[in-house]
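**Student:** quick one, structure for this:
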Amino acid sequence: MGIDRAGLAEFLRMRRDVLQPEDVGLPRGQRRRTDGLRREEVAALSHMSADYYARLERGSGPLPSEQMIASIAQGLHLSADERDHLFRLAGHRPPARGVESDHVSPGMLRILDRLEDTPAEVVTELGETLRQTALGVALTGDTAQLTGPQRSIGFRWFTDPGSRELYDPRDHAFLARLWVSGLREVMARNGPESRAAELCRLLRDESEEFRMLWERQEIGLRPQETKRFIHPELGALDLSCQSLIDPGSSQALLVYTAAPGSESHEKLKLLSVLGPRYAH
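**Tutor:** All right, here's what the predicted structure looks like:
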């Protein structure tokens, strides 16, 4: 399967022209003369250089990798069918769909884009962060950029002691049990060849604590109503976590809020100051 440079360039230009700034959470501004997004805006949304993206639209430049194409598909808020078409134009086989897909639906992205003043993130059922708001980065760190097994918060929990510092020590024992219970459920649904099963194999090899908890056969544990964070700059934060599940992918949009008038609510306001610093 070879790359269709002309077809790829035309498709990218067309999708950029029909996508409006407000569709992706960007201000329109008074100096915008035409509809659609600018090339540099799509490049920023896709986490790549403006020059690299411009060359793709001109039908030149190097062969884009699967990772690059996946990033562009998310930056352009493509549907699953549009993403698959983009992959084929670039000469790649489209990734698998379903519960183990990392592609965030346009509808979920539209909601996330409108939460710019709120800590929020889209995660897989294995706790892999796919997208974050700037305040989400300020709260939990830039976890969307992690790769490999480290993408999963559960894997980090059992292999990197520093990952637990964000959470109140009083909750550590329960959170460990909660993640093991959740992994058991996901593995049972997705089967022995799933990513969940691979994570389980890795953790059984690397963590004695995980092995002990896995042998308990616990199932059905659910998160507590309040998440207690220990932020490195703001200190203790007691936050409610609302979740919106995408039934087509089992991804969840997590939104963190605090009771109005509470100390945690006042601290959340400070994240708007920390957000830009943590996002770069």
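**Student:** every contact and neighbour count from this point should use C-alpha atoms.
**Tutor:** OK.
**Student:** roughly how far does residue 172 sit from residue 239?
**Tutor:** Per Cα to Cα, to the nearest Å, residue 172 is found 16 Å from residue 239.
**Student:** which one of the two has more residues nearby?
**Tutor:** Between residue 172 and residue 239, counting by other Cα atoms under 10 Å, residue 239 is the more crowded of the two (19 against 14).
**Student:** return the set of buried residues in the helix or strand where the more buried one lies.
**Tutor:** Here residue 239, judged by DSSP states H and E, is contained in strand 235-246. The neighbour-count check on strand 235-246 (16 or more other Cα atoms under 10 Å) flags 236-241, 245-246 as buried.
**Student:** quick one: average pLDDT of the following helix or strand past that strand?
**Tutor:** Toward the C-terminus, strand 235-246 is succeeded by strand 251-257 as the next helix or strand (DSSP H and E). Strand 251-257 carries an average pLDDT of 96.
**Student:** let me see the residues that make contact with strand 251-257.
**Tutor:** With contact meaning Cα atoms under 8 Å, 6 or more residues apart in numbering, strand 251-257 is reached by 99, 104, 108, 112, 118-125, 239-246, 265.
**Student:** and the residue lying closest to residue 132 once chain neighbours are set aside, how far from residue 263?
**Tutor:** In this structure, residue 132 finds its nearest non-sequential neighbour in residue 121, 4.2 Å apart by Cα to Cα, 6 or more residues apart in numbering. The gap separating residue 121 from residue 263 is 23 Å, by Cα to Cα.
**Student:** the two: who's more crowded?
**Tutor:** residue 121 (26 against 13).
**Student:** so what's that one bridging to?
**Tutor:** For residue 121, the beta-bridge partners are residue 132, residue 254 (DSSP bridges).
**Student:** report the residue spans of the stretch 151-280 of the chain with pLDDT below the cut-off.
**Tutor:** Low-confidence regions of the stretch 151-280 of the chain, defined by pLDDT under 70, span residues 275-280.
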